[in-house]
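Enquirer: Sequence and predicted structure are below.
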Amino acid sequence: MLVSLLKRFGVKLSLNDPRWGNNPKRDPKAQEGRRPGEGPPDLDQMWRDFNARLNRLFGGRGNNGGDAGGPYRSEGRGAGITATVIGFIVVLIWLASGAFIVQEGQVGVVTTFGRLSHTTGAGFNWRWPAPIQAHETVNVSQVRTAEIGYRDNVRNKQPAEALMLTDDENIIDIQFAVQYTLKDPVAWVFNNRDQDTSVHQIAETAVREVVGKSKMDFVLYEGREKVAVDVHTMMQAIVDRYKLGVLITNVTMQNVQPPEQVQSAFDDAVKAGQDRARAGNEGQAYANDVIPRARGAANRLLEDASAYRSMVIENATGNASRFNQVVAEYAKAPGVTRDRMYLDTMQSIFSNTTKVMVDAKSGSNLLYLPLDKLVAQVAANDANVGRAHSGPVQAPAPQGAAAQGSTSQEVMQNIEAVRQRDSRSRDTSRDRESR
């Protein structure tokens, strides 16, 4: 900076001269054989010329004036002015060092002798330079991440952080990530030291407490989301208690599994548990199928027994009532009642029998025979006889017409035999009457 000022005021220097800065008057041998103007410049003379130029610049008269003090007084005055200019420049540089720029999404925190003064927004700002004031820029829009149980990748595990003890005294390997932002930059800067480390430790403490109150199966399977929500709530409560100025935005469970040393045994246990559950489900399904059927059959038997009991009771009651009525009618007219009972009994017998009763003494030639019953009875007898001789019953499809024809012929023959026998009996009765 001094060299540039000297050049600005017309002072030329030769920095490559090895004798630069030596006084030629003090070394007479150095002046031998040299012409005027040659050789390195004298620093004292250069300083006097520089002061003279400054005096002329600021209105002074230099060394040629009529000051009573002589040249020494002029040199002292020039040196004072030079120091003032340099001091002024230094002050300007010092004041300019207090300017700073805050980017968008950031907040500047200004302190005065280490105490909070104010905060600034985005843009160009100025503060008193050091050591009076200082500033720190805090990024409040950045989403920060705290990784628990791993670093940068879930394969890069940190066993000291990942291994945790559950409520049922099992050990699980858990990795999760916590995302957070800053809601209070002043609290973030002043209330705690090593803020990121504090958030990391708070996350680890929260998840250990939540996992320590849960069962292993709950953490591994159905309770992963519940664990993340509980960790989020607990972390926010802790950071608010510590006044970190942090807002927890998300807790993501990256991986939850048993330790690698017992992974195979745990898989076998899980498969055994699944087989047990499947067998239990199959047994329950079989029970759900058999038990309702058994209950339905039992209820049906009970209903059938109840219906049979009601039928028997009602029949007995009806028979007893009918018998009482018959006894009453029999007491009134014994003969009529006896004949009616006889006729009812014979009607019931004849309606259930296959025999044909023919009155040979009557003089009528017309017989009313139950042909349909006779045909059915003959067909049934023929079928029984054929089954006895031929073994298993075979389908009589092609011989049905012939069998029906033979049955009809036999019936007609029987009718004809009955007529002949009837006619003979009539003739016999006539001969007896004539005699």
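Expert: Structure received.
Enquirer: Would you map the helices across the stretch 151-300 of the chain?
Expert: 159-162, 185-190, 195-212, 216-220, 224-242, 263-332 (DSSP state H, counting those that start in this stretch).
Enquirer: Could you tell me the angle between the fifth one and helix 195-212?
Expert: Translated: helix 224-242. Angle of helix 224-242 versus helix 195-212, following axes from the mean of the first three to the mean of the last three Cα atoms, to 10 degrees, is 130 degrees.
Enquirer: what's in contact with helix 224-242?
Expert: In this structure, residues lying in contact with helix 224-242 by Cβ atoms under 8 Å, 6 or more residues apart in numbering are 176, 178, 180, 191-192, 198-199, 202-203, 205-207, 209-211, 214, 218-219, 246-248, 250-253, 256. Every C-beta, even on glycine, is put in place using the N, C-alpha and C of the backbone.
Enquirer: Tabulate the helices of the stretch 151-300 of the chain (TSV), appending mean neighbour count, distance to residue 114 and mean pLDDT.
Expert: Output for the helices of the stretch 151-300 of the chain, formatted as TSV (neighbours: other Cβ atoms under 10 Å; distance: least, Cβ to Cβ, whole Å; pLDDT from 0 to 100):
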stretch	mean neighbour count	distance to residue 114	mean pLDDT
helix 159-162	14	35	85
helix 185-190	18	10	88
helix 195-212	18	18	91
helix 216-220	18	46	86
helix 224-242	17	21	91
helix 263-332	10	54	90
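Enquirer: who wins for proximity to residue 133 among those helices?
Expert: helix 185-190 (14.5 Å; Cβ to Cβ).
Enquirer: Please name the nearest non-neighbouring residue to residue 120.
Expert: residue 108 (3.9 Å; Cβ to Cβ, 6 or more residues apart in numbering).
Enquirer: circling back to that earlier point, and of the helices of the stretch 151-300 of the chain, who's closest to residue 104?
Expert: helix 185-190 (14.5 Å).
Enquirer: Mind exporting the C-alpha coordinates of that closest one to PDB?
Expert: What follows is the C-alpha trace of helix 185-190 in PDB, where atoms were taken according to Å, rounded to 0.1, in the frame of the first residue of the first chain:
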ATOM      1  CA  PRO A 185     -32.700 -18.800  15.600                       C
ATOM      2  CA  VAL A 186     -31.900 -16.800  18.800                       C
ATOM      3  CA  ALA A 187     -32.600 -19.800  21.000                       C
ATOM      4  CA  TRP A 188     -30.600 -22.000  18.600                       C
ATOM      5  CA  VAL A 189     -27.500 -19.800  18.900                       C
ATOM      6  CA  PHE A 190     -27.600 -18.800  22.600                       C
END
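Enquirer: any idea how far the closest residue to residue 113 other than its chain neighbours is from residue 233?
Expert: Nearest residue to residue 113 in three dimensions, chain neighbours excluded: residue 132, at 7.0 Å (Cβ to Cβ, 6+ apart). Noted for residue 132: a distance of 44 Å to residue 233, by Cβ to Cβ, to the nearest Å.
Enquirer: and the residue nearest to residue 120, which of the three is it?
Expert: strand (DSSP: H, G, I helix; E, B strand; the rest coil).
Enquirer: Begin at 23, not 1, for the rest of this chat.
Expert: Happy to do that; since the first residue is 23 now, the last one works out to residue 130.
Enquirer: If you tally nearby residues, what's the number for residue 367?
Expert: By other Cβ atoms under 10 Å, 10 other residues sit near residue 367.
Enquirer: Does anything pack onto the helix or strand it falls within? Which helices or strands?
Expert: Residue 367 is part of helix 356-373 when elements are defined by DSSP states H and E. If you count contacts as 3 or more Cβ pairs under 8 Å, 6 or more residues apart in numbering; DSSP states H and E, helix 356-373 packs onto helix 285-354.
Enquirer: counting contacts, what elements does the helix it packs on pack onto?
Expert: helix 356-373.
Enquirer: Return the set of buried residues in the helix it packs on.
Expert: residue 359 (16 or more other Cβ atoms under 10 Å).
Enquirer: List every C-alpha atom in it, with coordinates, as PDB.
Expert: Extracted C-alpha coordinates of helix 356-373, given in PDB (Å, rounded to 0.1, in the frame of the first residue of the first chain):
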ATOM      1  CA  PRO A 356    -125.400-102.000  21.300                       C
ATOM      2  CA  GLY A 357    -126.500-103.800  18.100                       C
ATOM      3  CA  VAL A 358    -126.100-100.900  15.700                       C
ATOM      4  CA  THR A 359    -122.800 -99.900  17.200                       C
ATOM      5  CA  ARG A 360    -121.500-103.500  17.000                       C
ATOM      6  CA  ASP A 361    -122.500-103.800  13.300                       C
ATOM      7  CA  ARG A 362    -120.900-100.500  12.500                       C
ATOM      8  CA  MET A 363    -117.700-101.500  14.200                       C
ATOM      9  CA  TYR A 364    -117.700-104.700  12.300                       C
ATOM     10  CA  LEU A 365    -118.100-103.000   9.000                       C
ATOM     11  CA  ASP A 366    -115.400-100.500   9.700                       C
ATOM     12  CA  THR A 367    -113.000-103.200  10.600                       C
ATOM     13  CA  MET A 368    -113.700-105.200   7.500                       C
ATOM     14  CA  GLN A 369    -113.400-102.200   5.300                       C
ATOM     15  CA  SER A 370    -110.000-101.400   6.800                       C
ATOM     16  CA  ILE A 371    -109.000-105.000   6.300                       C
ATOM     17  CA  PHE A 372    -110.200-105.300   2.700                       C
ATOM     18  CA  SER A 373    -108.600-101.900   1.700                       C
END
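Enquirer: What average pLDDT does that helix get?
Expert: Helix 356-373 comes out with an average pLDDT of 82.
Enquirer: what is the orientation angle of that helix with helix 285-354?
Expert: Going by the same axes, to 10 degrees, helix 356-373 makes 140 degrees with helix 285-354.
Enquirer: picking up where we left off before, any idea how far the residue nearest to residue 135 is from residue 120?
Expert: On the measure of Cβ to Cβ, residue 154 and residue 120 end up 8 Å apart.
Enquirer: Show me which of those two is the more surrounded one.
Expert: residue 120 (17 against 12).
Enquirer: Just confirm that one contacts residue 153, I think it does.
Expert: No - taking contacts as Cβ atoms under 8 Å, residue 120 lies outside contact range of residue 153: 11.4 Å.
Enquirer: got the domain boundaries for the protein?
Expert: 24-118, 121-161, 166-280, 299-375, 376-411+424-457 (automatic domain parsing).
Enquirer: which residues of the stretch 23-172 of the chain score low on pLDDT?
Expert: Filtered on pLDDT under 70, the stretch 23-172 of the chain yields the residue ranges 23-65, 76-103.
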